[in-house]
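> Pasted the sequence and its predicted model underneath.
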Amino acid sequence: MNFYGHDKQIELFLRTIKSNRLHHAYIFSGLKGIGKKYFATNIAKYLSCEEKVYFSKCVCRSCKMIDEGMHPDIYQYNRESLLADNIRELILNISMTASVGTYKIVIIDDADMLSATNQVVAANILLKTLEEPTDSTIFFLITDRYDEILATIRSRAVNIMFKPLESHDVKDAVKSLRPDIPFIDTAVSLSYGSIGKALDILDSNIINVNQLLIDKEFVKFVEYIRSVPDTKTLFMVVSNIYSYVLVLYKETGYYELSELSSYMLEILKRLNYNVNLDLIKSNFASKIVEVLSEKI
C-alpha cells in the first residue's frame, strides 16, 4: 500500500532523523483510520531499512520482516495486548541491544486504553520506562482520543497531530484497496477524511440504505435498521442518512428536515458512549419513517 497525505509530518521526521534529533516518545493523535499507525510503521521501516528507503516500498530483509510482523526489534501492541505481563516483557526486551538495526521501536495502538482502570499496572510500568528511556528505543503511541491519554504519559512524549486527509487522498487509497467496488465517491464523501471509515462504509454495504428511503421502502428500511449488529455500524448508517437528509433539506427547505438532522447529530454523539442499542435503533427508525414518509 502506498502512503497518502500527511506531507508535513513526512518532511518533519525526515529532517528530525537526518539531524539526529529523534525524541524517545511520540504521540500520534487524530481521527481514527487516517494512517497514524501506518505512518509509525513507515518510520520504523526507515530507521531499520538496509537501503534507507523513506516512505516508499522496499523489499530489503528488514522491511520484509516488518511487513510480515517478524522483525525482532519492532514491538506492536493494541487494546487486547496492553497487559501488564506483556509490558513487563517489553521492558526487559528493550533493555537489550537491538538484534538487527540501531533502534528498538514500540508501536502502541489505542494508547488511550492505558488510562482504563484495568490497565493501571501496565501504564505505570510503561511510565517508568518513559521517565528513564534508553537512547536506542523509540515509542509511538497511537490514539484518536488524545485527552484520554494519561497526563503523566502526555508530558513525556511529543504530540504530533494528524489532520483528516483530503478527499482525493482518501479516494486514491480506497481505489487502490477496493478497485472493483462501486459507490467509492459516496463512501469518500461520508468518510470525514478517514481511509479506514471509507473502507468500513464500503465493506458494511450500508450505502444502499438511502435507496430504501428514496424508493419509500419503509418496511424494509425498518427491518434493516433493526438488523444493524453494533454501534459502529449504526454510526455509519446514521452518518449516511444524515448526509441524505441535509441534501433534502437544502432542496426543499422543510423545517422538519432541519429538526431531523439535529436529532441525528444527537444520536451520533450518544453512540460514542454506552447506550441501549435496541432502543436507539427503534427510536431512530420510527423518527425517520415518521418524517420522511411525509416529506419525500
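That came through fine.
> From here on, just use CA atoms for contacts and neighbour counts.
OK.
> now the strands for the protein?
25-30, 74-77, 104-108, 137-143, 158-162 (DSSP state E).
> What lies in contact with the longest one?
Okay, so that is strand 137-143. 23-30, 32, 36-37, 40, 94, 103-112 (C-alpha atoms under 8 Å, 6 or more residues apart in numbering).
> pLDDT below threshold where in the protein?
Counting by pLDDT under 70, the chain shows low-confidence ranges at 1, 117-118, 205, 207.
> How about the residue nearest in space to the middle of it, nearest residue that isn't a chain neighbour?
Among the residues of the chain, the one closest to the centroid is residue 32, at 2.1 Å (C-alpha atoms, centre = their mean). Of all residues not flanking residue 32 in the chain, residue 144 sits nearest, at 5.4 Å (C-alpha to C-alpha, 6 or more residues apart in numbering).
> Check whether the one you found really touches residue 34, as I assumed.
No - using C-alpha atoms under 8 Å as the test, residue 144 is too far from residue 34 to be in contact (9.8 Å).
> And the two? Which one has more around it.
More crowded of residue 144 and residue 34, by other C-alpha atoms under 10 Å: residue 34, with 25 against 21.
> OK, contacts around that one?
162, 164-165, 193-196.
> Which other helices and strands does the helix ranked longest in the chain contact?
What stands out as the longest helix in the chain, according to DSSP state H, is helix 231-252. Packing contacts for helix 231-252, counted by 3 or more C-alpha pairs under 8 Å, 6 or more residues apart in numbering; DSSP states H and E, involve helix 209-214, helix 255-270.
> Report the buried residues of it.
231, 233-242, 245-246, 248-249 (16 or more other C-alpha atoms under 10 Å).
> so what are the domain limits for the chain?
7-162, 205-295 (automatic domain parsing).
> now the nearest residue in space to residue 35 that is not next to it in sequence: how far from residue 36?
Nearest non-adjacent residue to residue 35, counting by C-alpha to C-alpha, 6+ apart: residue 195, 7.6 Å away. Separation of residue 195 from residue 36 (C-alpha to C-alpha, to the nearest Å) stands at 11 Å.
> Also residue 12?
Where residue 36 is concerned, residue 12 sits at a distance of 14 Å (C-alpha to C-alpha).
> Same check on residue 26?
Counting by C-alpha to C-alpha - residue 26 and residue 36 are separated by 11 Å.
> between the two, which one's more packed in?
For the pair residue 26 and residue 36, the greater number of neighbours falls to residue 36 (26 against 20), based on other C-alpha under 10 Å.
> The closest residue to the more buried one other than its chain neighbours pairs with what?
Leaving aside its sequence neighbours, residue 36 sits nearest to residue 28 (C-alpha to C-alpha, 6+ apart; 6.1 Å). Beta-bridge pairing of residue 28 under DSSP bridges involves residue 142, residue 160.
> List the contacts of residue 28.
Residue 28 neighbours (C-alpha under 8 Å, 6+ apart): 36-37, 140-143, 159-162.
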